[in-house]
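Student: Sequence first, then the predicted structure:
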Amino acid sequence: QVQVVESGGGLVQAGGSLRLSCAASGRTASIYNMGWFRQAPGKERESVASINWSGGRKYYADSVKGRFTISRDNAKNTVYLQMNSLKPEETAVYYCAADPSYAGLEQTRYDYWGQGTQVTVSS
């Protein structure tokens, strides 16, 4: 089992950047596939990006391609989401999730979830 904790959320102006971190703990945390998801007020949670355990495969939602970058540092058991050119409509709670066998963007496939971190993009 693994626990994940997100951090790095905050308030940023439109067009700005923010980097989220997701720290995973547990004996085998470094071999878990990780994903980022977000839920805006009044909307369903949606996929943002995911990365496999080695970092060799990355997947992005079309809406964030070219602006967001997912990466990981297995020595620190941490996954990052660098978000550039942020838009007000991307205001949401951002969640990190982990799974031992699935590395894609289907959120229902992830077993372990964090509590989320709030990102607010002002116009």
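Tutor: Looks like it came in fine.

Student: So for this structure, which residue is the most central one in space?
Tutor: Trp36 (2.4 Å; CA atoms, centre = their mean).

Student: Any idea how many residues pack against the nearest residue to it once chain neighbours are set aside?
Tutor: Of all residues not flanking Trp36 in the chain, Val48 sits nearest, at 4.3 Å (CB to CB, 6 or more residues apart in numbering). Heads up, the C-betas are built off the backbone N, CA and C, glycines and all. With neighbours defined by other CB atoms under 10 Å, the count for Val48 comes to 26.

Student: Could you verify my assumption that Val48 touches Met34?
Tutor: No. Judged on CB atoms under 8 Å, Val48 makes no contact with Met34 at a distance of 11.3 Å.

Student: hang on, the earlier thing: quick check: phi and psi at the residue nearest to the centre of the chain.
Tutor: Backbone torsions of Trp36, given as degrees, to the nearest 10, read phi -110, psi 140.

Student: ok, what's across the strand from it?
Tutor: Beta-bridge partners of Trp36, counted by DSSP bridges, are Ala49, Cys96.

Student: Now do the contacts for it.
Tutor: 20, 22, 47-50, 70, 79, 81, 94-97 (CB atoms under 8 Å, 6 or more residues apart in numbering).

Student: Ser85 and Asp73, how far apart?
Tutor: Remark: distance between Ser85 and Asp73 (CB to CB, to the nearest Å) = 24 Å.

Student: Same question for Glu46.
Tutor: In terms of CB to CB, Glu46 sits 25 Å off from Asp73.

Student: same check, this time on Val64
Tutor: 21 Å.

Student: Likewise for Tyr94?
Tutor: Distance from Tyr94 to Asp73, by CB to CB: 18 Å.

Student: Comparing the two, which shows the higher neighbour count?
Tutor: Neighbour totals were compared for Tyr94 and Asp73, and Tyr94 leads with 23 against 12 (other CB under 10 Å).
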